[in-house]
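Colleague: when you get a sec, could you give me coordinates for this:
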Amino acid sequence: MADHIPDRLGATRTSSAVPSARLMLQVIEAFDQYARECRAANTGAGDGAEEGDDPLRHVRWIADTYERRRGDPELLQAHLEELANELDLHDVWALRVAGEAVVAATPVVILHAARRGMRAPAIAEAIGLAPARVYDVLSRYVRYTWRIDVQDAPDQWWPIDEGEQVAERRFVKESDVAHRAARIGTAKADGRSMRVLVWQGPQSDDADASYTHTVNNAQGR
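Modeller: Here you go, the predicted model:
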């Protein structure tokens, strides 16, 4: 296990130049894959899958065994000794950093589950949190989506980039998202006027955008 845990987690020692959002997206993708495998197993479609197809198999074994044995001091100690014999320092580093990433990604995972139609009590049961905590996340966090357009001719806008951001409502407003996206789009706009449209939730009609930020490069803004 010591040679493979960082690879299975996708956890490598990256420099600070790599956006932290990349690690969060990797964690979310791993959760999504895990959810798909669980659904396949429940319908019998996953019976033929090989163990190596599950990137979180060893991590879930650690968690499941710990959860089962935590009430028995002797069994718990045996589990901890087994882990100590199997993990090296880099494995522990990878698991600790992955744990921090999972905590940071949890609000995003909850919002994604809610967007797929999953109710808060079911999310709480699946993720091991109190329902009140899930309701709190759903009330405090918002998923913004944005799109960057450039102007090639009067009243003619063409999209060049899009994305999304999950953030706490009280700390990040639509204007913050728009200005951040505008910094991304400046290099791609190639001197053309640019606008950023922001929605709370999924993208919809331009007229339904909750915030629009325009950068008129022709006027030197």
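Colleague: okay, and the closest residue to residue 190 other than its chain neighbours sits in which element?
Modeller: Once flanking residues are discounted, residue 190 sits nearest to residue 150: 7.6 Å by Cβ to Cβ, 6 or more residues apart in numbering. Yep, even glycine has a C-beta here, placed from its N, CA and C like the rest. Under the criterion of DSSP states H and E, residue 150 resides in strand 141-153.
Colleague: mind checking what helix or strand follows that strand in sequence?
Modeller: Going down the chain from strand 141-153, the next helix or strand is strand 156-168, by DSSP H and E.
Colleague: can I get that following strand as CSV, trimmed to CA atoms?
Modeller: What follows is strand 156-168, C-alpha atoms only, in CSV (Å, rounded to 0.1, in the frame of the first residue of the first chain):
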residue,chain,number,x,y,z
GLN,A,156,-22.3,40.9,-31.4
TRP,A,157,-20.9,39.0,-28.5
TRP,A,158,-19.1,35.7,-28.7
PRO,A,159,-18.3,33.4,-25.7
ILE,A,160,-14.7,32.6,-25.1
ASP,A,161,-14.7,31.0,-21.7
GLU,A,162,-17.0,29.8,-18.9
GLY,A,163,-16.7,28.4,-15.4
GLU,A,164,-18.2,28.1,-12.0
GLN,A,165,-17.4,29.0,-8.4
VAL,A,166,-18.8,27.7,-5.1
ALA,A,167,-18.5,30.2,-2.3
GLU,A,168,-20.1,31.5,0.9
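Colleague: where's the residue nearest to residue 190 relative to residue 209, distance?
Modeller: Taken as Cβ to Cβ, to the nearest Å, the spacing of residue 150 relative to residue 209 amounts to 16 Å.
Colleague: any stretches of the chain with poor pLDDT?
Modeller: Applying pLDDT under 70 to the chain flags the ranges 1-53, 218-221.
Colleague: quick one, helices of it?
Modeller: Ranges of helices in the chain, per DSSP state H, are 5-9, 20-42, 57-69, 73-86, 89-115, 120-127, 131-140, 174-189.
Colleague: reformat those helices as a markdown table; add distance to residue 215 and mean neighbour count.
Modeller: Shown next, in a markdown table, are the helices of the chain (distance: least, Cβ to Cβ, whole Å; neighbours: other Cβ atoms under 10 Å):
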| stretch | distance to residue 215 | mean neighbour count |
| --- | --- | --- |
| helix 5-9 | 40 | 18 |
| helix 20-42 | 23 | 15 |
| helix 57-69 | 44 | 14 |
| helix 73-86 | 53 | 12 |
| helix 89-115 | 28 | 17 |
| helix 120-127 | 39 | 16 |
| helix 131-140 | 30 | 16 |
| helix 174-189 | 6 | 17 |
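Colleague: got the ones you listed as JSON lines, with distance to residue 203 columns?
Modeller: As requested, these are exported to JSON lines (distance: least, Cβ to Cβ, whole Å):
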{"stretch": "helix 5-9", "distance to residue 203": "32"}
{"stretch": "helix 20-42", "distance to residue 203": "18"}
{"stretch": "helix 57-69", "distance to residue 203": "34"}
{"stretch": "helix 73-86", "distance to residue 203": "45"}
{"stretch": "helix 89-115", "distance to residue 203": "13"}
{"stretch": "helix 120-127", "distance to residue 203": "24"}
{"stretch": "helix 131-140", "distance to residue 203": "20"}
{"stretch": "helix 174-189", "distance to residue 203": "13"}
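Colleague: if we can go back for a sec, tell me what the strand holding residue 150 is packed against?
Modeller: Applying 3 or more Cβ pairs under 8 Å, 6 or more residues apart in numbering; DSSP states H and E, one finds that strand 141-153 contacts helix 89-115, strand 156-168, helix 174-189, strand 194-200.
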